[in-house]
Structures are given as C-alpha cells and as structure tokens.
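Q: Sharing a model prediction with you, sequence too.
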Amino acid sequence: MNLFKRNPFGHILFLKKWLIRIAGVITHRRYRGFNELQIEGSDILRQLPEQNVLFISNHQTYFADVVAMFHVFNASLSGRQNNIRNVGYLWNPKLNLYYVAAGETMRSGLLPKILAYAGAITVERTWRSGGKDIDEKKAVNPNDTENIMKALADGWVITFPQGTTKSFKPVRKGTAHIIKQHKPLVVPIVIDGFRRSFDKKGLRIKKKNILQSFTIKPPLDIDYERESIEEIVEKIEYAIEQHPSFLKVIPAEVLEEQERLNELRRW
C-alpha cells in the first residue's frame, strides 16, 4: 500500500489501518472475554457489494456499538462464521467502512477525535445541541449529506437513524431522504446488551459476563421511487425493532421481568 494514499476525506489509509488494528486489539476482550458477543447473519455481509451499502441500527452507547460493528464486519469478511475469534482478522481491515456520528460527540475529547479518524462522518444534529433537545430546529448543513453521499460512493456506511441511544425514539426523516436520494442497499442490524455492559459513552465496562447480541438482517426491499419518506421511516422502525408497536405488544410486567433476567444473563 502507498504510505500516503488517502480516502475521499483525506485520511491516510496507512494510518487508518494501524489505528483500526490497535483499537481492535485493545477492545477485543470487551466482546470476547469480559463479555460475549452472540452474532447472527454474518454470511449476509459476505454477499454485499463493495460500495453503496447503508447499515441501519438501533443505538445503545456512543462508541461501543460501532466498535463492535468494526469487529463483526472484519471478522465476517475474513471468513469467520458468527464469531470474532482470533483478532488476526484485523490485520487487513476494511478501510472503506464509515459511520455517521454527531459532530459534538466526536469533538468531545482526544479519544473521540482519534476514533473519528477510523471512519467517522460527522454531522451536526438539527434537533439537538449541547446534549439537549432544542425547540427550533437548525438548518441542515448540505456538507453533511454530501459527505454521506461521498462515503456511500466509496464503500459501506453505518448510521443510527434514531440519532439517540434512547430506546423507541422516532426515526429521523433524514435517513429516509438519504435512502430515496442515493438508493443504497439498506441492511438492518439489531443489537442488545451493550447498554447493560457499558456506560453511556461505551468506553467503560459497567458489568461483565453480559451476553451481547448482534443480529444482521437481510437487505430491505425498498421501492426508491414510489415509497414515501413516511413509509421508509416506518420500514426502518420495524427493521431495527424500534417501532412503537413493539412496546404495545409487550406488557409492562413482562418488560420488567426481562430487565430483571437481563441482569442474570450469562454466557
């Protein structure tokens, strides 16, 4: 590899490769050691095209979710079947892998700035500022959508369409607009256990021996021309299991019991 070869965002690929390697080795035991990551659907990743793939997922922590995705994606592409055994899969990581993150989060310290170099596409949230929701939405920065388009043209992009780590919050319409405009292959991911095993930022291990789940679903069937923004939003909510109907069919006492049992989950 040319030592000074860069991606479309100007990042030196040689540095990005070593950053992913080092960060991957440091974080591996968080998903296979202190806790156990249970993976389903890794074979789906090996069937995807090299560019214009958009992964949509629910969100539980700021950083642990996307770090797990880097592990699972690279392990799967290296031939691992639903596991991340042997961290050697990071020797040749996928370098055209990006993730959408809030600009204020990625500027919040030295570590987030370093992690941003691994593939963050920073966007300015229009509905939130300083960690709080705002009444008057800010205008969308056209550079944000342009950067997402640039990343899709180069490879795979991960996004968390709810824009928050809180469960069952509405999916933001911006994701649906991107899907209609750029027509990517949309692959849903559903995760669980991260909120229990990590702190909110996903940097500190809160509890050990938690069974984390990571399910990759088949690509969505989307009619890019005929389906409305609202229909795509609803389809996303169902795909990542964050539609309000998921709450309605589960009695409150069952949810409470599930939380109690989650504390006892062991691998």
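A: Noted; the coordinates are in hand.
Q: where exactly do the helices run in the stretch 151-267 of the chain?
A: In the stretch 151-267 of the chain, helices defined by DSSP state H, counting those that start in this stretch lie at 173-182, 194-197, 229-239, 245-248, 252-262, listed in chain order.
Q: what's the most buried one of those helices?
A: helix 194-197 (a mean of 23; mean count of other Cβ atoms under 10 Å). Backbone N, C-alpha and C define where each C-beta goes, glycine included.
Q: just checking, what packs against it?
A: Where contact means 3 or more Cβ pairs under 8 Å, 6 or more residues apart in numbering; DSSP states H and E, helix 194-197 is packed against helix 64-77.
Q: I'd like to check what contacts the helix it packs on. Which residues are they?
A: Residues from elsewhere that reach helix 64-77 (Cβ atoms under 8 Å, 6 or more residues apart in numbering): 20, 23-24, 27-28, 30-31, 37, 39, 42-43, 45-46, 55, 57, 59, 83-85, 89-90, 93-94, 97, 99, 101, 118, 156, 158, 160, 189, 191, 194, 197-198, 202-203, 212, 214, 216.
Q: How far off centre is it?
A: 9 Å (Cα atoms, centre = their mean, to the nearest Å).
Q: Now do that helix, average pLDDT.
A: Confidence over helix 64-77 (mean pLDDT, whole number) is 96.
Q: ok, of the contacts of helix 64-77, which come out buried?
A: 20, 23-24, 27-28, 30-31, 37, 39, 42, 45, 55, 57, 59, 84, 89-90, 93-94, 97, 99, 101, 118, 156, 158, 160, 189, 191, 194, 197-198, 202-203, 212, 214, 216 (16 or more other Cβ atoms under 10 Å).
Q: Just those: which are in strands?
A: Among those, the residues falling in strands (DSSP state E) are 37, 39, 55, 57, 97, 99, 101, 156, 158, 189, 191, 212, 214, 216.
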